[in-house]
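> The following block contains a protein sequence and its predicted model.
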Amino acid sequence: MVALPKVSIHLAKYEINALHRYFVFLVQRSWNNLPKTDSDVIVLIEYSFKIETLKRSSEYRPQPKKGFSFTMPLSIARILHTRLQEVAFNEVLVMILGKIDYSLNTINMAPKKDKTLDI
């Protein structure tokens with residue numbers, strides 16, 4: 001059995017808060033209609049407790065120079081990478097997307113998009 005690599009990023013407190021708000025948005029939007037919710041969103045909802053823990057632990061600690069280190073499974077990083085490209089509606093989420101993209105490309109695990117022409 002092969003262990004998949006983990007994806008690690010450094011987040012400032014304001015980035016943690018933005019990511020937490022995004023997860024709250026996902027939960028609120030999907031909770032009443034879970035049977036029709038996409039599987040990848042359900043996986044993110046199940047993972048949201050980690051973001052909640054990160055947010056709570058960062059509130060009471062001084063911010064390190066590089067930011068708080070956050071490590072996530074490859075599957076979560078790839079789902080976030082895809083979802084944030086679709087809905088990154090503020091500049092902080094775009095910055096987080098960039099950090100995830102950089103980390104995924106570093107380990108050569110970024111999702112590949114099909115290059116097709118929309119005619």
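Everything's here; your move.
> quick one, strands of the protein?
Using DSSP state E, the strands of the chain run over 6-11, 68-73.
> Tell me which of the ones you listed lies nearest to N32.
strand 68-73 (26.6 Å; Cβ to Cβ). To be clear about C-beta, it is placed using only N, CA and C from the backbone, and glycine gets the same treatment.
> re the thing from before, closest one to N90 among the strands of the chain?
So among the strands of the chain, strand 6-11 is nearest, using Cβ to Cβ, at 14.8 Å.
> strand partners of the closest one, parallel vs antiparallel please.
According to DSSP bridges, strand 6-11 forms sheet pairs with strand 68-73 (antiparallel).
> related to what we said a few turns ago, could the strands of the chain be laid out in CSV, adding distance to Q28?
What follows is those, written out as CSV (distance: least, Cβ to Cβ, whole Å):
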stretch, distance to Q28
strand 6-11, 22
strand 68-73, 22
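> ok, and which of those strands has the densest surroundings?
strand 6-11 (a mean of 18; mean count of other Cβ atoms under 10 Å).
> how about low-confidence regions in the chain?
Where the chain drops to pLDDT under 70, the residues are 88, 114-119.
> Quick check, central residue of it?
By Cα atoms, centre = their mean, the chain has its centre lying nearest to L80, at 3.9 Å.
> residues touching it, list them.
44, 72, 96-97, 100 (Cβ atoms under 8 Å, 6 or more residues apart in numbering).
> Which one of those sits in the busiest neighbourhood?
I96 (24 neighbours; other Cβ atoms under 10 Å).
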